[in-house]
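Enquirer: What follows is a predicted structure for the sequence shown.
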Amino acid sequence: MKTHQEQQYLDLLALLLKTGSERVDRTGVGTKAIFGHHMRFDLAEGFPVFTTKKVYWKIAFKEMLWMLSGGHNIKELVEQNVHIWSDWPYKKFIDAQPAGSADKSLSMKEFEQRILADDAFAQKWGDLGPVYGKQWRRWKTDDGREIDQVAQVIDLLKNNPSSRRILFDGWNVAELEQMALPPCHKHYQFYVDPNTNKLSGGMVQRSCDSYLGLAFNIANLAFLTTILAEQTGYDVGEIVWFGMDVHLYLNHIDQAKLQLTREPRPFPRLVIKRKPASLFEYKIDDFELDGYDPHPAIPAPVAV
Ligand SMILES: Nc1nc(=O)c2c([nH]1)NC[C@@H]1CN(c3ccc(C(=O)N[C@@H](CCC(=O)O)C(=O)O)cc3)CN21
Ligand SMILES: O=c1ccn([C@H]2C[C@H](O)[C@@H](COP(=O)(O)O)O2)c(=O)[nH]1
């Protein structure tokens, strides 16, 4: 019998548990880490959203659509009930409040409510800086122009699919200091096989939270590749993932061990209910996963 493609992910978790070197990290949580790892998923065999725990794929897709829209303020995420980016601006806000002030003890929920209610507050405190969306869609040049890297990718896929330069990158060295977090999934590249008319998507991730982030990152790489293929007239090929600093946070070890006791179930199919005129006009309600029957969620704390 053919091995389930998700086994690659379970093998990675097992490898980290067994061989990962314990390292201190920026967050102070500590990780078990390896350097350099690769996985690939054939999208013809199903949509790679992991089944050995419930993955909140709609949250991931909303994040991808937000990045594709050029967004970099958490307001647009919180409006859609997505909270995965709120920790960083919240921490920045709390750190900036004087000791003893009422705002110093604001909860994250109250912070998010103020982001939603007060535009000026959201402008000031909800902005993550020039992160993914900004670099993907409006990379600033020295002479004051802005480059839409995603539009360039679409143009190459339509007009020069044998190019070896069909890529975009979020790692804008000059602007890293202004970002709440420098990009983790930093490089995306695409490839058309002329024999099969299939589009494959690759991604390089410099730093990978293998328990929380990676499930989202793989689903989103598959999602982006699928909608790009639909928009440019190709069938879907493979996604190819390269991780560099690939780690398991020490407070995710029990969750990873529990996940390893579970058997993968068949991957679902991604159903796209509407094809908009451009890549930038998809809405979350255009998507459904057909046949997603995961094992229960296993919650874990995010390292900030
Ligand atoms: N330490 C760390 N790991 C990450 O994966 C990560 C960051 N930081 N910082 C930036 C973004 C934010 N991302 C996140 C943050 C939180 C979850 C998370 O908590 N996921 C939960 C449930 C989410 C929910 O219900 O809102 C999960 O079980 O997948 C996932 C991705 C990915 N990135
Ligand atoms: O999409 C994402 C975004 C972030 N991560 C993880 C990887 C690291 O654990 C942290 C970032 O910390 P750095 O010190 O900047 O490396 O967030 C992820 O896995 N996926």
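Expert: Received it, and whenever you're ready, just let me know what you need. Treat the numbers as computed from the prediction; the structure is a model and nothing was measured. Numbering: from 1, shown residues only. Ligands and ions are numbered 1, 2, ... in the order given.
Enquirer: which residues touch the residue lying closest to residue 52 once chain neighbours are set aside?
Expert: Take residue 52 and drop its neighbours on the chain: the residue closest to it by C-beta to C-beta, 6 or more residues apart in numbering is residue 262, 4.2 Å away. Using the backbone N, CA and C atoms, a C-beta is placed for each residue, glycine as well. Applying C-beta atoms under 8 Å, 6 or more residues apart in numbering to residue 262 gives the contacts 52, 53, 295.
Enquirer: Look up how far residue 12 lies from residue 262.
Expert: Separation of residue 262 from residue 12 (C-beta to C-beta, to the nearest Å) stands at 15 Å.
Enquirer: What is the burial count for residue 223?
Expert: When counting by other C-beta atoms under 10 Å, one arrives at 26 neighbours for residue 223.
Enquirer: hmm, the helix or strand where it lies touching ligand 2?
Expert: Using DSSP states H and E, residue 223 maps to helix 213-232. Yes - counting by C-beta under 6 Å from any ligand atom, ligand 2 is contacted by helix 213-232 at 213, 214, 217.
Enquirer: Tabulate the residues you listed in CSV, adding columns for distance to residue 78, pLDDT and neighbour count.
Expert: Putting those into CSV (distance: C-beta to C-beta, whole Å; pLDDT from 0 to 100; neighbours: other C-beta atoms under 10 Å) gives the following:
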residue, distance to residue 78, pLDDT, neighbour count
213, 19, 98, 18
214, 24, 98, 24
217, 21, 98, 22
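Enquirer: Domain-wise, how is the chain divided?
Expert: Domain segmentation of the chain under automatic domain parsing yields 7-72+146-290, 73-127.
Enquirer: follow-up on the earlier one: near ligand 1, which of the residues of helix 213-232 next to ligand 2 show up?
Expert: Within those, those near ligand 1 by C-beta under 6 Å from any ligand atom are residue 213.
Enquirer: now, which of the residues of helix 213-232 next to ligand 2 sits nearest ligand 2?
Expert: residue 213 (2.4 Å; C-beta to the nearest ligand atom).
Enquirer: any idea how far the residue lying closest to residue 47 once chain neighbours are set aside is from ligand 1?
Expert: In this structure, residue 47 finds its nearest non-sequential neighbour in residue 270, 4.3 Å apart by C-beta to C-beta, 6+ apart. From residue 270 across to ligand 1, the span is 18 Å (C-beta to the nearest ligand atom, to the nearest Å).
Enquirer: Check residue 173 too.
Expert: 20 Å.
Enquirer: what's near enough to touch that residue?
Expert: So residue 173 contacts nothing (C-beta under 8 Å, 6+ apart).
Enquirer: show me what contacts the closest residue to residue 267 other than its chain neighbours?
Expert: Closest residue to residue 267 apart from its sequence neighbours, by C-beta to C-beta, 6+ apart: residue 46 at 2.8 Å. Applying C-beta under 8 Å, 6+ apart to residue 46 gives the contacts 5, 266, 267, 268, 269.
Enquirer: Now do residue 46 against residue 192, distance only.
Expert: In terms of C-beta to C-beta, residue 46 sits 22 Å off from residue 192.
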